[in-house]
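**Student:** Sequence first, then the predicted structure:
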Amino acid sequence: MIDFSETLKKRLKIRLPGQDAQKAMMPDAGSLINRFSIDIKKRANEGAVLILLYKKNGEIYFPLTQRHEYDGAHSGQISFPGGKVENTDRSVVQTALRETEEEIGVPQSSIKIIGRLTDLFIIASNFNVRPVIGFVDVAPNFLIDNREVAHVIEIPISQLLNDSLLKEKEIVFKNKYSLTAPYFDFDGHHVWGATAMMLAEFKEVLKSL
């Protein structure tokens with residue numbers, strides 16, 4: 001794990017795949033201009049998520065969280081642990097660490113930060129999200145906050161790198177709108193939208209190691 005994390009840390013310090021990689025998993029290309037507009041981001045809330053890496057069963061894994069069903073923009077969706085930057089947070093990295101501990105019970109002190117990916121504006125919730133990457137030496141014992149998380153889904157890196165798991169379907173959004181979106185099919189868990197776009201960039205980074 002140490003060799004992998006150090007190699008990844010070095011890679012994250014140079015040019016990232018950025019928006020070109022994110023766009024590969026973007027629903028409905030018609031929203032391209034708005035999503036990547038500098039002006040629209042100026043009015044956005046700030047948030048952060050954590051891609052948490054750990055070794056398990058001889059592979060590198062990361063967790064995703066399944067949200068509860070509720071009356072909101074991201075009801076039932078699958079995402080990284082994360083949330084809004086609070087006034088008490090020292091940085092977006094601190095936000096990602098705090099939210100991860102609150103949502104899935106991984107102590108902040110056990111997580112080593114190795115870098116960040118390109119930020120991404122989420123239209124539905126008006127958030128500019130900063131993806132942070134960290135790792136822990138031992139596979140976590142997840143303790144979820146049942147108010148925010150229905151369950152944790154553990155994904156091996158090998159699945160992320162498997163191109164046969166990239167698919168596309170029509171998705172009904174907020175029980176009103178339908179759109180065609182690419183998604184990752186992780187053992188029947190369909191990951192699309194902003195999380196898929198961040199994973200697309202992470203995938204390109206991994207392929208370049």
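**Tutor:** Received, thanks.
**Student:** how about the helix ranked longest in the chain: buried residues?
**Tutor:** If you go by DSSP state H, the chain has its longest helix at helix 193-207. Buried residues in helix 193-207, counted by 16 or more other CB atoms under 10 Å: 193-205. For the C-beta atoms, the positions are set from N, CA and C on the backbone; glycine is no exception.
**Student:** Could you point out which of these is nearest to Leu160?
**Tutor:** Nearest to Leu160, judged by CB to CB, of the buried residues of helix 193-207 is Lys203 at 5.4 Å.
**Student:** What ranges does the protein have for its helices?
**Tutor:** Using DSSP H, helices in the chain cover 2-11, 19-23, 32-35, 38-41, 92-104, 157-160, 193-207.
**Student:** For these, which has the smallest mean pLDDT value?
**Tutor:** Mean pLDDT per stretch puts helix 32-35 lowest among these, at a mean of 54.
**Student:** What's the separation between Ile157 and Asp3?
**Tutor:** To Asp3, Ile157 is 14 Å away according to CB to CB, to the nearest Å.
**Student:** Same drill for these two, tell me which one is more crowded.
**Tutor:** With neighbours defined as other CB atoms under 10 Å, Ile157 and Asp3 compare such that Ile157 has more, 16 against 7.
**Student:** In TSV, list the buried residues of helix 193-207 along with distance to Phe62.
**Tutor:** What follows is the buried residues of helix 193-207, written out as TSV (distance: CB to CB, whole Å):
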residue	distance to Phe62
Gly193	17
Ala194	16
Thr195	11
Ala196	14
Met197	16
Met198	11
Leu199	9
Ala200	14
Glu201	14
Phe202	9
Lys203	12
Glu204	15
Val205	13
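**Student:** Widest-spaced pair of these?
**Tutor:** Spatially, the most separated pair among the buried residues of helix 193-207 is Gly193 and Val205, at 19.5 Å (CB to CB).
**Student:** coming back round to it: for the longest helix of the chain, name the packing helices and strands.
**Tutor:** Contacts defined by 3 or more CB pairs under 8 Å, 6 or more residues apart in numbering; DSSP states H and E place helix 193-207 against helix 2-11, helix 19-23, strand 45-56, strand 78-79, strand 120-122, strand 127-135, helix 157-160, strand 177-186.
**Student:** From the contact counts, what lies against the longest one?
**Tutor:** By that I understand strand 45-56. Using 3+ CB pairs under 8 Å, 6+ apart: strand 45-56 touches helix 2-11, strand 59-67, strand 82-84, helix 92-104, strand 127-135, helix 193-207.
**Student:** residues touching the closest residue to Leu165 other than its chain neighbours, list them.
**Tutor:** Spatial nearest neighbour of Leu165, excluding adjacent residues (CB to CB, 6 or more residues apart in numbering): Asp185 at 4.9 Å. Shown in contact with Asp185 (CB atoms under 8 Å, 6 or more residues apart in numbering): 165-167.
**Student:** Filter those residues down to just the ones in strands.
**Tutor:** Mapping these onto strands (DSSP state E) picks out 166-167.
**Student:** and the contacts of Asp185, which are buried?
**Tutor:** So, by 16+ other CB under 10 Å, none of the contacts of Asp185 is buried.
**Student:** Out of the contacts of Asp185, which comes closest to Asn141?
**Tutor:** Leu165 (27.2 Å).
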